[in-house]
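A.B. asks: Quick one: sequence and predicted model below, then my questions.
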Amino acid sequence: MNLPPLPAGHAEPMSPAARRALGAGMLAAHVAVGWALLQLEPVRQAVGEVIPITVDFIAPPAPVPAPPPPPVPRVQIKPAPTPKPVITSAPTPAPQPPVFVAPPAPPAPAPPAPVEAAPAPPAPPAPPAAPPQPKTISISAVQYLTPPVLNYPPAARRAGESGRVNVRVLVDAQGLPQQMQIARSSGFPRLDEAALATVRATRFKPYMENGQPHAFWVLMPLIFELEE
């Protein structure tokens with residue numbers, strides 16, 4: 001049995017629900033056709049004639065078309081605004097500092113009349129030259145006006161004291177002893193004092209050099225000895 005072709009419809013594909021509905025309808029049509037064939041033979045025998053059966057297949061309802069998608073809004077791209085030219089104002093010049101004009105210098109005063117300086121006082125006379133330091137001469141170069149005379153102290157003689165005393169003496173230009181120093185002691189104070197007294201009583205001739213008298217130092221040895 002040939003099925004009439006399905007009416008040409010939209011070329012859009014059917015949805016799964018429509019396919020199931022169509023399959024169910026075709027299955028029901030086949031079952032109906034099979035049942036009709038089974039009933040056809042008894043009817044032919046009873047009636048003796050063939051009654052054509054017309055089967056109309058009801059096409060499944062057309063699927064409801066999906067609503068069209070909303071139109072995509074067109075985005076109008078506005079052209080970028082043209083930047084306004086930046087007007088740069090010229091910098092304001094800094095105020096110039098006031099120029100100070102110095103007044104003319106006053107005329108220089110007339111120089112004062114020169115003052116005569118007082119005459120400088122006369123320079124003081126130069127101090128006299130210091131006398132030369134006294135020389136030290138040997139005892140052999142000494143001459144006496146009054147030669148030295150030893151006086152042995154009686155107490156020292158009784159005590160048996162003896163010894164040698166060296167006296168260093170400064171004689172001035174007039175031949176007088178001025179300073180005396182014990183350069184070597186005898187070890188007995190009585191003998192040392194007797195030696196100083198002997199030098200103090202001595203008178204010397206002035207020491208002459210280039211016709212001029214000069215002071216001098218001399219070392220005088222004085223010996224105290226006991227007689228046997």
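C.D. replies: Everything's here; your move. Numbering: from 1, shown residues only.
A.B. asks: quick one, phi/psi of Pro154?
C.D. replies: Backbone geometry at Pro154, expressed as degrees, to the nearest 10, gives phi -60, psi -40.
A.B. asks: For it, grab the count of nearby residues.
C.D. replies: Using other CB atoms under 10 Å, Pro154 is surrounded by 9 other residues. Glycine gets a C-beta too; all of them are placed from N, C-alpha and C.
A.B. asks: so who does it touch?
C.D. replies: Not one residue lies near Pro154 by CB atoms under 8 Å, 6 or more residues apart in numbering.
A.B. asks: ok, now how distant is it from Asp172?
C.D. replies: With the distance defined as CB to CB, to the nearest Å, Pro154 ends up 33 Å from Asp172.
A.B. asks: try Gln178
C.D. replies: In this structure, Gln178 and Asp172 are 5 Å apart, going by CB to CB.
A.B. asks: For those two, list the residues in contact with both.
C.D. replies: With CB under 8 Å, 6+ apart as the test, Gln178 and Asp172 both reach Ala215.
A.B. asks: now the strands: where do they sit in this protein?
C.D. replies: Using DSSP state E, the strands found in the chain span residues 135-136, 144-146, 163-171, 177-184, 203-204, 207-209, 212-214, 216-224.
A.B. asks: re earlier: Gln178 and Asp172: which is more packed in?
C.D. replies: With neighbours defined as other CB under 10 Å, Gln178 and Asp172 compare such that Asp172 has more, 17 against 11.
A.B. asks: Do I have it right that that one meets Trp217?
C.D. replies: No - look at Asp172 against Trp217 with CB atoms under 8 Å: they stay out of range, at 11.1 Å.
A.B. asks: Okay, domains of the chain per the record?
C.D. replies: By the assignment in automatic domain parsing, the chain contains the domains 14-62, 135-224.
A.B. asks: Which one of those domains has the poorest average confidence?
C.D. replies: Ranked by mean pLDDT, the domains of the chain bottom out at domain 14-62, which scores a mean of 65.
A.B. asks: measure Pro131 to Ala118 for me?
C.D. replies: Distance check for Pro131 against Ala118: by CB to CB, it reads 38 Å.
A.B. asks: how much space between Asn210 and Leu196?
C.D. replies: Using CB to CB, Asn210 is found at 32 Å from Leu196.
A.B. asks: If you count surrounding residues, which of those two has more?
C.D. replies: Leu196 (17 against 5).
A.B. asks: what's the closest non-adjacent residue to that one?
C.D. replies: With CB to CB, 6 or more residues apart in numbering as the measure, Met180 is the residue that lies nearest to Leu196, at 5.7 Å, once sequence neighbours are left out.
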